[in-house]
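Colleague: Structure for the following, please:
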Amino acid sequence: MPIRITHALVGGVAAALYLLLTGCGTTTSVARGSAGAVASEEEQQQAAYMRTSWERQARLEDLSWPLLVAGRDLCKKDVSPRVGLAMISLDAVEKDYRKAAAKTLGIKEHPTVLHATRGAPAAMAGLQKGDEILSIAGEAIEPGRNATEKANELLIETMREGQPFEVTARRNGQTLPLIIDPVVACRYPVIMIQEDSINAFADGDAVYVTTGMYRFAQTDRELQLVLGHEIAHNAEGHSDKKWINWGLGTLVDLVAAAYGVNTQGAFGDAASKVYSQDFEREADYVGMYLLAAAGVDTTEAADFWRRMSAEYPQSIKGSYSASHPANAERWVNIDATNVEIAGKRGRGAALVPARKR
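Modeller: This next block holds a predicted model:
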């Protein structure tokens, strides 16, 4: 039904708009800062965000490095020469954050070292946060546009050979020729993601840790427990196995569809969850061996799951259909793994997970 625009209608709308604009509001004269003060505060908050984010990422890289090196035999073909170097140039920073990045992190036009992982080849060679990278393996890195992309591509290409190479850096105006000798390690990068849930996961290519999990883990050891668990998921190929199971289940869905039955993907979903709890048990078990091989004390690792149960009491008992084992079971299993590892240490046996025959 069409609406007729009449004087009465226009007047009614105008009256309603007037009432809206003159309706109830604040009753105090709020003190307000200047636009310049707001802009200055925005810059400080941007700086705080960047500093906090990179400090957290750097800590994850430091804690994961010994696990990635210790796990290279478990990771099988998922290994590569690595040096533990993170760098970025100013052009690669989001435009609104460049001023804060230059002031807070010291990022310059040349690729600038954000972090040299503790104990990794780049740090052992002498690279430090704030160093400018001028050349890699004798090839100069021009400052400005695409400098980060070029430097990272050149670094990856050079590392692939697995041989020592020279990096020329600049620190406080002084040029430093440094020799970096790559180390073979699991190739999974560890990535911090902005999310409040207490979670970490692996996708076969990388390990992800939420800011919620980062804050929940109280010690380096607890964070390494999480990292070891997720690295083990990748090393054991759990992501690929889940996809294979999903594919097999989806075939059943397709056959059912051919006979006129719409399963809505139920068999694919169900198949992807087959062995899910077993995958979690295996990741706990193998992850403990990664920690032990890296020299990390695992005797208090099981207590982490007690604290997790306080956050998620519904996980204490668990259920048959749950994707993860009950936390009570996980505590007992991890404690049993500690006993197994201690026994192997006592016998001088290799610290490797027991495999099914």
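Colleague: So His115, which state does it fall into?
Modeller: Following DSSP: H, G, I helix; E, B strand; the rest coil, the label given to His115 is strand.
Colleague: what's the neighbour count on it?
Modeller: Here the count is done by other CB atoms under 10 Å, and His115 has 22 residues near it. Where C-beta positions appear, they are placed from N, C-alpha and C, glycine not excepted.
Colleague: In this protein, spot the helix with the most residues.
Modeller: helix 35-70 (DSSP state H).
Colleague: a strand runs through Leu154, doesn't it?
Modeller: No: Leu154: not assigned to a strand; according to three-state DSSP it is helix.
Colleague: related to what we said a few turns ago, the longest helix of the chain packs against which elements?
Modeller: Counting contacts by 3 or more CB pairs under 8 Å, 6 or more residues apart in numbering; DSSP states H and E, helix 35-70 is packed against strand 85-88, helix 98-100, strand 112-116, strand 183-186, strand 190-193, helix 211-216, helix 220-235, helix 276-293.
Colleague: Rounded mean pLDDT for it, please.
Modeller: The average of the pLDDT scores along helix 35-70 is 91.
Colleague: just stretch 151-167 next, same as before
Modeller: In this model, stretch 151-167 has a mean pLDDT of 94.
Colleague: Also stretch 116-124?
Modeller: Computed over stretch 116-124, the average pLDDT equals 97.
Colleague: Kindly report the same for stretch 343-354.
Modeller: The model assigns stretch 343-354 a mean pLDDT of 90.
Colleague: Buried residues, it. List them.
Modeller: Going by neighbour count (16 or more other CB atoms under 10 Å), the buried part of stretch 343-354 is 344, 351, 353.
Colleague: Report the residue spans of this structure with pLDDT below the cut-off.
Modeller: For the chain, residues meeting the criterion pLDDT under 70 lie at 1-23, 240-275, 315-326.
Colleague: circling back: will you turn the helices and strands packed on helix 35-70 into JSON lines that also has distance to Ala336?
Modeller: Output for the helices and strands packed on helix 35-70, formatted as JSON lines (distance: least, CB to CB, whole Å):
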{"stretch": "strand 85-88", "distance to Ala336": "38"}
{"stretch": "helix 98-100", "distance to Ala336": "49"}
{"stretch": "strand 112-116", "distance to Ala336": "37"}
{"stretch": "strand 183-186", "distance to Ala336": "25"}
{"stretch": "strand 190-193", "distance to Ala336": "27"}
{"stretch": "helix 211-216", "distance to Ala336": "24"}
{"stretch": "helix 220-235", "distance to Ala336": "16"}
{"stretch": "helix 276-293", "distance to Ala336": "9"}
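Colleague: Pro189: which of the buried residues of stretch 343-354 is nearest?
Modeller: Pro353 (23.5 Å; CB to CB).
Colleague: I figured that closest one hits Tyr289, correct?
Modeller: Yes: using CB atoms under 8 Å, Pro353 is in contact with Tyr289, at 4.9 Å.
Colleague: Show me whatever sits in contact with both of these two.
Modeller: Residues touching both Pro353 and Tyr289 (CB atoms under 8 Å, 6 or more residues apart in numbering) are Leu74.
Colleague: For stretch 134-148, measure first residue to last.
Modeller: Terminal residues of stretch 134-148 lie 11 Å apart, using CA to CA, to the nearest Å.
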